[in-house]
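>>> Here is a sequence with its predicted model. Questions after.
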Amino acid sequence: MKKRCTILIGLLLLTACSLLYAQPTFEQNFNGVRDNREGLYAITGATVYTHYNKKLENATLLVRKGVVEAVGTNITIPPGAVVIDAKGKYIYPSFIDPYTSYGMPEMPKREGGFGRGQQYESNKKGAYNWNQAIKPEVNAAEEFTPDAKRAKEFRDAGFGAALTHLPDGIARGTGAVVTLADGKPQELFVKDRASAHFSFSKGSSKQDYPSSQMGVIALLRQTYYDAQWYAKVNPTVEELNISLEAWNKSQNLPQIFEVSDKLEALRADKIGDEFGIQYIIKGSGNEYHRLNELKATKAAFILPINFPDAYDVENAFDAQNIDLAKMKHWELAPSNPALLAKAGITFALTTSGSKDMAQFTKNLRKAIKAGLSEEDALKALTYNPANMLGVYNITGSLETGKIANFILASKPVFDEKTELNENWVNGKRYVVKPWSITDITGVYTLTVAGIAYNMEVTGKPDAPKAIINLPDTTKKIELKHSLQDLNISLSFATDNDSINQPKLGKGMVRLSGWVNTDDRSWKGSGNDANGNLISWTATRTADASKKDENKDKDKDKPDAKDGKKEEKPDEPGPVIYPFTAYGFAERPQAKTVLFKNATVWTNESDGILKETDVLIQNGKISAIGKNLTAPTDAETIDATGKHLTCGIIDEHSHIAISKGVNEGTQASSAEVSIATVVNSEDINIYRHLAGGVTTIQQLHGSANPIGGQSSIIKLRWGAAPEGLKMEGAPGFIKFALGENVKQSNWGDDNTTRFPQSRMGVEQFYVNAFTRAREYGNLKNAPAAKGTALKPLRKDLELETLLEILESKRFITCHSYVQSEITMLMRVAEQFGFKVNTFTHILEGYKVADKMKAHGVNASSFSDWWAYKMEVQDAIPHNGAILTQMGVTTAFNSDDAEMARRMNQEAAKAIRYGSLSEEDAWKLVTLNPAKMLRIDNRVGSIKKGKDADVVLWNNNPLSIYALPLQTYVDGVRYFDARQDQALRAQVAQERNRLIQKMLAEKAKGGDTQKPMPTKKRLYHCGDHGDHEYVDFYHEDQNEH
Amino acid sequence: MNCFKSIFFLFLAGIAILATAQTQDPNVPLPAPPQTKKIALMGATAHVGNGQIVENSVLVMDNGKITAFGDGRTIKLDLKDATIIDVSGKHIYPGIIAAGTALGLSEIAAVRATQDRNEVGDLNPNIRSIIAYNTDSEVLPTLRSNGILMAQVAPQGGVISGASTVVHLDAWNWEDAAYKADEGVWLNWSQMFTYEGWWAEQGGIKLNEKYGEQVETIKSFFEEARAYCQTDKHPEKNLKMEAMCGLFNGTKKLFVNVNYVKEIVDVVNFAKKYGLKLALSGAADAWQVTDLLKANNVSVIINQTHSLPNRDDEDYDLPYKLPKLLQDAGVLYCITVGAGYDAYWQQRNLPFHAGTAAAFGLTKEQALSSITLNAAKILGIDQSCGSLESGKDATILVTKGDLLDMRTSVVEYAFIQGRQINLDNKQKALYRKFMTKYGLKPGQE
């Protein structure tokens, strides 16, 4: 790999040089006498890191015209070179920040808020993309204005070049690599169009779509398909689209995707996989939470190192507002780069997200302390960013022909007390902290107006401290002094007791003068306390006392053995999966378990079996019967007096979803999918397990007549999103009817989206399916003889609808009143498919016969009503009537709380309508499995089915029933006894971290206020990225 | 089986009283007339509400009161002129009391025109919930049939929302319904954290910089009210101040919606300063400061045991076991389904909220107290209701089985002050209607 790089560099060098360094800027407007210099410098004697992993001792670095001419230990210094003796200094390639918006204009702020009204179309002028958040046409080079102040901040932190781009929108256009020298924009470009940028945030776009993360994902995917199509068609015939043109043009650049969390990184990579693109991920700093999955993406990362401050946890009440996850992240965040390095993931570091450069530098050292090797750190600041951005041929190391971007440091660059003295950019020398200082420390005889004092100057050469030792006393007078080059100024207060006071007056004596470099004596004039002009001298008599120096030296030593012992951080706690309380440090494995003597609710023709054994093995139910013998590896559980059931299946759930459950903007959002935004880190997964739930359907919300695609997951607590998804489960999509899709309860600003009535909803469907059918015809049509087939513009929305028409995807439709229920069945019949499930379906009992005839399933609330107009006729006997009419019926939750006691909800069908216990239990197990078409795998206790089982202390339909153990695929994810141990662990780990944070605060470390975390709970009426849910207050969600 | 049969027949005799009720239109149920005949319920397992159980009980109601109650084998009875109903095998409970609810103030949550919960303005102690209480709400019959017979109807808006009134749920009009008028003043305490944003632009959590200022506003209002209430000679009568006086003379109780532990501490100290009778509503964090609550005689209305923990790290069952935590600490508490959007129709599940508390630590009888006698104590009506005791109102239930378990929680009779009330409702009628359409035999309603 390395070899190939060098060859490549060799080839590229010629072009690079000719492009960048051949000639200074075109001088048409030059005013004055030309002053072009050779810029020839020889820096000698330093330790030079030519590459992140290659060090030369006592080397010479030769720079000419901004370019490295030579570097090595055996370099002849050409005549005319300015020679800089840098003995004892360290030289490194300047750092490269691969993710900035340096020199970019201020971002426009997005206005908005409730009552802004709806905006369906882009309001950008010109032939651009239909969606305003897609702006690949933006080019950083066109927006770039050097910013001297910002450039200096970067340089002072060691940076010599940066990638800059305009961070606004979902597709953000192209970035450019520029140097951080001062100068005209034209002079500073290392590479124009160096990268293409993406994010999940629509930035300043006010267009409604997309409002959710799954909407963003769908939009990106659609744009890729649009661009593929655009490349094949004639714009003058089809359409001119500047955005798609720019999109296609930038496909060969490094593609950088900014994310705000580890799961988003996985999501971004998944988009890339579909289109053969490997994004570079601009990460968030919590990558270590899902290291294995992220490594598998093969993506390179750009990492921020904005580690959180400790929380101020002195008040115990406040402290409880900080979740264990936040506390642990505080402790582990500095390990993130080290853990990625250990995992072999390539990454660069960025200042992006850091409060300021000081924080970046501080945290860089923290990261090294947390295990990042200095070599990896340097690599992440030089070679990796350069390589990622395709500019390693130009910068990132110190080799002949590369631009002269290097830093000069007092010590190894990452040492605690190292000072950055100079940062050379484009061969221009920028002094960060002067180091060629005349050392004025020593003992002097200071003579002021004829009075002699014993003056001692101690400390470091760049920060000397001067005192006057008064004779015959231990008293000392501190001198205020400053040294600028060789100009010196001193001031001191006359001493009351001293004999000199009468002579110099009472007050401040002010002296100014200069240092004679030959003998380091000082001389000058000044004013005594009375304002009289006086003259003074200071004659050097000895070096400063050695004792002090030694002391200073010890203090400076970063790696002094004592110091290290003190500073050595405690072992941080383990990474847990998911990264939240009750997560597992080690994932539990499937077990062989024999349940002896249980009451087994089979949900099969055997009904409820008393005193029966069930064996689970290899994740499956392997035997049911009396007196089963335990295999040798089996754990035997005495289930006498206990009940064993299959796991509860919640057909209508909105937990474990990130950033929006509704793409509540366009009336059809068939292109979006919940499966793209599964959130494996939701504590509600664990809470559901504690309620005996093992499988859920995660549904899109009900804001649109045609919502989004669903996801079916098993609650494998600890697994990453892809690991939660139920393998081979069929595809579903959410539809919705009634008040939500009519926007009846959205307020007076939302009355323009079609449809606004149940009449319109029907036509909306007829139109959508008509379009889908025609799209299907077009897609499958053979080309007419002699003509080329017109390229099909792949439409993700219509593709999805086509799947419905072809009965490859199934509808779960939010519904309430009988008219709309009948309507959708008739529309479906008209287009030759069946509605799979009506969810909520509170008036299902009124048309149970029609539903039975159509063959649709029902997934209802047990007893909800009164919350909106369309549920006024809801009755709690609905489930019983539908069941008795032969409609496969389930009860669902649509609610993170209710879901954990679905057994109680099922029992209400006994209370209202006298269902048998067996039938009632099927409402939350077998029947939802059937309607989700996964009853071949789950939903009953049957040999060969998945070992998703729950052990209860009581009849599961009793209000007093509690799950004791919950298994998914034979893995015991919840155990009431184990839960007690986990609680203790959580408390213990919290306490350890609180102690550590208190210590940090006591040390004077920065702290932040402990604020509660907002809980995100969705119901299907929630719109977009909405959060009504107050921490301490009731939500106001619709259903 | 024989035994069952005989009870069944005896039952028919008893149901005679009910028969007329069933023929009414469930959409316009007729409030029951006053009790005119002495009734004796014989043989049930009686759950007193104070923790005790009486097997083979006898309960006699006359003139709206319980006139005799006890063990059928030992109690001395005068059953002259009494209608005797054999309820052996069944259970008797005190009527359930729903504290702090928007019942009767809210009909359809999403329809603004049906909302009378909130009034404009911050400080409205003079606002009275009873004025808007709708005795004809379609929601009420669905609660009655699940055993909820009384409720404390509370306004919800602003900072001081107004006054609550305890009602019984079978009445011709609000004046009839009122059981204890204007017994409480409701206060929404300030929050230390504020929540921003709306659905398109997600906001964050912010420290409420104005918390201190807002609390000061409440304090100074109470300060002025206390001063005002020291005399009745005022050049100008102030309706708001007048409405506060009951708090200072002990005739009214202060009910405060508050959840975060630091806010709870502030509220308790605030009430102490003014010598107020205090009950907290919500109070999710109350378990952390039980000593403080106990020392200051502060009671708690727990809102919905069927809730999620507020914090990720908390025990998954914390809301389920909150009643047990307060019980063990000796804090007086009751359970309701009070705050929020669905806080009225959801009250019909109140017995199951108590049942869940029993699953998570309480005894069943303690759980029963949490929706009967404890609620009566907190509302200051325990002298006359909340338990099965001689001399108290005959506001009681007869059920098929365990009231707290959905499977068996079937209310067969309910009496409010001895009046046997109609347990039909629109939902049952719709059930019958469609069972008829499909030719199916109706089951339990």
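Sure thing, it's come through.
>>> Backbone dihedrals for the residue of chain B most remote from its centre, both of them.
Ranked by distance from the centre of chain B (Cα atoms, centre = their mean), the top residue is B:Pro235, with 40.2 Å. Backbone dihedrals for B:Pro235, given as degrees, to the nearest 10, come out at phi -60, psi -40.
>>> so what pLDDT did it get?
The per-residue pLDDT reported for B:Pro235 equals 93.
>>> quick one: what helix or strand has A:Gly718 in it?
For A:Gly718, there is no enclosing helix or strand under DSSP states H and E.
>>> swap in A:Leu244?
A:Leu244 belongs to helix A:242-249, assigned by DSSP H and E.
>>> That helix - what's its average pLDDT?
The average pLDDT within helix A:242-249 is 97.
>>> and what of stretch A:701-721?
Mean pLDDT, taken over the full extent of stretch A:701-721, equals 97.
>>> Could you do stretch A:802-809 as well?
Here the average pLDDT along stretch A:802-809 is 98.
>>> With just CA atoms, put that stretch into PDB.
Coordinates of the C-alpha atoms in stretch A:802-809 are reproduced here as PDB (Å, rounded to 0.1, in the frame of the first residue of the first chain):
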ATOM      1  CA  LEU A 802     -46.500  -1.400  -6.900                       C
ATOM      2  CA  GLU A 803     -45.500  -4.000  -4.300                       C
ATOM      3  CA  ILE A 804     -48.900  -3.500  -2.700                       C
ATOM      4  CA  LEU A 805     -50.700  -4.100  -6.000                       C
ATOM      5  CA  GLU A 806     -48.600  -7.200  -6.500                       C
ATOM      6  CA  SER A 807     -49.400  -8.400  -3.000                       C
ATOM      7  CA  LYS A 808     -45.800  -8.300  -2.000                       C
ATOM      8  CA  ARG A 809     -46.300  -5.700   0.600                       C
END
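>>> Burial check on the residue in the stretch 1-150 of chain B that chain A sits nearest to, number of neighbours?
Here the stretch 1-150 of chain B gets closest to chain A at one residue, B:Ala110, 3.8 Å apart by Cβ to the nearest Cβ. Every residue, glycine included, has its C-beta placed from N, CA and C. For B:Ala110, the count of nearby residues is 20 (other Cβ atoms under 10 Å in any protein chain shown).
>>> Which residues in the helix holding A:Leu244 does the neighbour count mark as buried?
A:243-247 (16 or more other Cβ atoms under 10 Å in any protein chain shown).
>>> Identify the bridge partners of A:Asp97.
A:Ala162 (DSSP bridges).
>>> what is the mean pLDDT for the next helix or strand after the helix holding A:Leu244?
Toward the C-terminus, helix A:242-249 is succeeded by strand A:255-258 as the next helix or strand (DSSP H and E). Across strand A:255-258, the average pLDDT comes to 98.
>>> Show me what strand A:255-258 packs onto, helices and strands only.
strand A:95-100, strand A:189-199, helix A:262-274, strand A:280-282 (3 or more Cβ pairs under 8 Å, 6 or more residues apart in numbering or on different chains; DSSP states H and E).
>>> how about A:Tyr99, what does it touch?
Each residue near A:Tyr99 by Cβ atoms under 8 Å, 6 or more residues apart in numbering or on different chains is listed here: A:163, A:256, A:258, A:282, A:302, A:350, A:352.
>>> Enumerate every residue touching the second one.
When the contact criterion is Cβ under 8 Å, 6+ apart, the partners of A:Ile256 are A:98-99, A:175, A:195-198, A:279-282, A:302.
>>> Check the last one too.
A:Ser352 sits next to A:97, A:99-100, A:282, A:302, A:304 when contact means Cβ under 8 Å, 6+ apart.
>>> 10 Å instead?
Contact analysis of A:Ser352 by Cβ atoms under 10 Å, 6 or more residues apart in numbering or on different chains lists A:97-101, A:162, A:167, A:258, A:282, A:302-306, A:360.
>>> Quick check on it: phi, psi?
For A:Ser352, the backbone dihedrals are phi -50, psi 130 (criterion: degrees, to the nearest 10).
>>> quick one: buried residues of stretch A:709-729?
A:709-721, A:723-726, A:729.
>>> How is A:Glu774 assigned, secondary-structure-wise?
helix (DSSP: H, G, I helix; E, B strand; the rest coil).
>>> what's the burial count for it?
11.
>>> element containing B:Asp266, please.
B:Asp266 belongs to helix B:261-273, assigned by DSSP H and E.
>>> quick check, distance from that helix to the centre of its chain.
24 Å (Cα atoms, centre = their mean, to the nearest Å).
>>> average model confidence for it?
96.
>>> Do it and chain A come into contact?
Yes: applying Cβ under 10 Å from any Cβ of the partner chain, one finds helix B:261-273 touching chain A at B:261-265.
>>> Most neighbours of all these, which one?
Highest count within the residues of helix B:261-273 next to chain A by other Cβ under 10 Å belongs to B:Ile264, 26 neighbours.
>>> Hmm, that one is touching B:Val258, no?
Yes: counting by Cβ atoms under 10 Å, B:Ile264 touches B:Val258, with 5.5 Å between them.
>>> Spell out which residues are contacts of both of those two.
Joint contacts of B:Ile264 and B:Val258 (Cβ under 10 Å, 6+ apart) are B:189, B:280, B:282-286.
>>> quick one: which of these is nearest to chain A?
B:Ala284 (6.8 Å).
>>> Check for me that A:Ala598 belongs to a strand.
Yes: the assignment for A:Ala598 (three-state DSSP) places it in a strand.
>>> got the contact list for A:Lys270?
Per Cβ under 10 Å, 6+ apart, neighbours of A:Lys270: A:217, A:221, A:297, A:675-676, A:721-722.
>>> Tabulate those (TSV), appending distance to chain B and secondary structure.
Shown next, in TSV, are the contacts of A:Lys270 (distance: Cβ to the nearest Cβ, whole Å; DSSP: H, G, I helix; E, B strand; the rest coil):
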residue	distance to chain B	secondary structure
A:Ile217	18	helix
A:Arg221	22	helix
A:Thr297	27	coil
A:Ala675	22	helix
A:Thr676	19	helix
A:Pro721	19	helix
A:Glu722	23	helix
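>>> Check the secondary structure at residue 366 for me.
This is for chain A. Criterion first, three-state DSSP; result for A:Lys366: helix.
>>> that's the wrong chain, I meant chain B
helix.
>>> Which strand or helix spans the residue nearest to the spatial centre of chain B?
Centre of chain B computed as the mean C-alpha position; nearest residue by Cα atoms, centre = their mean is B:Ala98, 1.1 Å away. Counting by DSSP H and E, the element that carries B:Ala98 is strand B:96-101.
>>> Mind pulling up the pLDDT for B:Thr356?
98.
>>> okay, how far is it across stretch A:206-215, tip to tip?
Stretch A:206-215 has an end-to-end distance of 15 Å (criterion: Cα to Cα, to the nearest Å).
>>> does chain B sit close to that stretch?
Yes: Stretch A:206-215 lies within reach of chain B by Cβ under 10 Å from any Cβ, at A:206, A:208, A:211-212.
>>> Next to chain B, which bits of the stretch 601-750 of chain A? Give me the list.
Close to chain B, as judged by Cβ under 10 Å from any Cβ, the stretch 601-750 of chain A has residues A:659-660, A:662, A:664-665, A:681-684, A:686-691, A:703, A:739, A:744-745.
>>> worst-scoring helix or strand of chain A, pLDDT-wise?
helix A:2-20 (a mean of 41; mean pLDDT, DSSP states H and E).
>>> still on that earlier bit, and the gap between the residue farthest from the centre of chain B and B:Asn126?
19 Å (Cβ to Cβ, to the nearest Å).
>>> Repeat that for A:Glu762.
51 Å.
>>> Point out where chain B drops to low pLDDT.
B:1-24, B:196-203 (pLDDT under 70).
>>> quick check: domain ranges of it?
Using automatic domain parsing, the domain parsing of chain B gives B:2-94+B:395-438, B:96-379.
>>> which one of those domains lies closest to A:Ile91?
domain B:96-379 (44.5 Å; Cβ to Cβ).
>>> thinking again about what came up before, for the contacts of A:Lys270, give me a markdown table that also has distance to A:Val431.
Formatted as a markdown table, those follow (distance: Cβ to Cβ, whole Å):
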| residue | distance to A:Val431 |
| --- | --- |
| A:Ile217 | 48 |
| A:Arg221 | 51 |
| A:Thr297 | 43 |
| A:Ala675 | 56 |
| A:Thr676 | 51 |
| A:Pro721 | 51 |
| A:Glu722 | 52 |
